[in-house]
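*Asks:* here are the coordinates; sequence isn't available:
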């Protein structure tokens, strides 16, 4: 059992055990870290037979389709209000400001809220259980540490959880290039690969596929580039 944030994980585990209807969400214009964190947690909660849904304030970005094979990520609309208002617990990932939840926050502000994040929390974000580690490379890393606390990682994670958490990790470490990358980031990656993740398949799906419209736009930008300062600065 990992000692990292163990008191917080114990409290989160208790909240999950006491709850039947659980909402997962992340910030507007979601990225790989927020999406990977909530999708990884989703499959864990479904294994516990929880009534769990992922409802985000903006539409799912298709470049992350590889981590959402079952199309479990929903976009908020008012017809979801009735379900949201009945939740016992909301777990929010990668967010330090409730304003980035848009219309979802007023529906859950009086509920049990757990925030799992590696950004500094703003004072106006009220959470029953704020789990914040500004030294963590990604929120997805923190979810992986929660699973480690639960002794889930030694035997290998479900591949859907593994793909989701790997996407979260490479998104917020710049594929292990950023200064936030620490040794445990690579231990996490090793564990996910041992769980069956194919790293290039995840990377390729997110970073090496673009709609043709984006390619055309890039070509137009490149044609208008101008260089200054002995060709050290590019402008368009």
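*Replies:* Structure received. No experiment lies behind these values; they were computed from the predicted model shown.
*Asks:* Skipping adjacent residues, who's closest to residue 51 in space?
*Replies:* In this structure, residue 51 finds its nearest non-sequential neighbour in residue 21, 4.6 Å apart by C-beta to C-beta, 6 or more residues apart in numbering. Every residue, glycine included, has its C-beta placed from N, CA and C.
*Asks:* now swap in residue 10 and tell me
*Replies:* Residue 10 sits nearest to residue 149 (C-beta to C-beta, 6+ apart), 8.0 Å away.
*Asks:* Kindly report the same for residue 140.
*Replies:* Looking at residue 140 with C-beta to C-beta, 6+ apart, the closest residue is residue 168, at 2.4 Å.
*Asks:* element containing the one you found?
*Replies:* Here residue 168, judged by DSSP states H and E, is contained in helix 159-173.
*Asks:* Now for the residue nearest the centre of the chain: which residues touch it?
*Replies:* Taking C-alpha atoms, centre = their mean as the criterion, residue 34 is the residue nearest the geometric centre of the chain, at 2.2 Å. For residue 34, the residues meeting the contact criterion (C-beta atoms under 8 Å, 6 or more residues apart in numbering) are 26, 27, 93, 94, 95, 139, 168.
*Asks:* can you do 6 Å?
*Replies:* 26, 27, 93, 94 (C-beta atoms under 6 Å, 6 or more residues apart in numbering).
*Asks:* and the second one, how many neighbours does it have?
*Replies:* Spelled out, that is residue 27. 24 (other C-beta atoms under 10 Å).
*Asks:* The third one too?
*Replies:* Other residues within reach of residue 93, judged by other C-beta under 10 Å, total 30.
*Asks:* so how far is residue 202 from the nearest residue to residue 196 once chain neighbours are set aside?
*Replies:* For residue 196, ignoring the flanking residues on the chain, the nearest one in space by C-beta to C-beta, 6+ apart is residue 159 at 4.7 Å. According to C-beta to C-beta, to the nearest Å, residue 159 stands 11 Å off from residue 202.
*Asks:* one step back: phi, psi of the residue nearest to the centre of the chain?
*Replies:* phi -60, psi -50 (degrees, to the nearest 10).
*Asks:* Check the one 3 residues further on too.
*Replies:* Geometry field for residue 37 lists phi and psi as phi -60, psi -50, criterion degrees, to the nearest 10.
*Asks:* Over to the one 4 residues further on?
*Replies:* Residue 41 has phi and psi values of phi -70, psi -40 when expressed as degrees, to the nearest 10.
*Asks:* And residue 109, by the same measure?
*Replies:* On the backbone of residue 109 - angles per degrees, to the nearest 10 - the values are phi -60, psi -20.
*Asks:* What's the local residue count around the residue nearest to it when sequence neighbours are not counted?
*Replies:* Of all residues not flanking residue 109 in the chain, residue 126 sits nearest, at 6.8 Å (C-beta to C-beta, 6+ apart). If you count neighbours by other C-beta under 10 Å, residue 126 ends up with 13.
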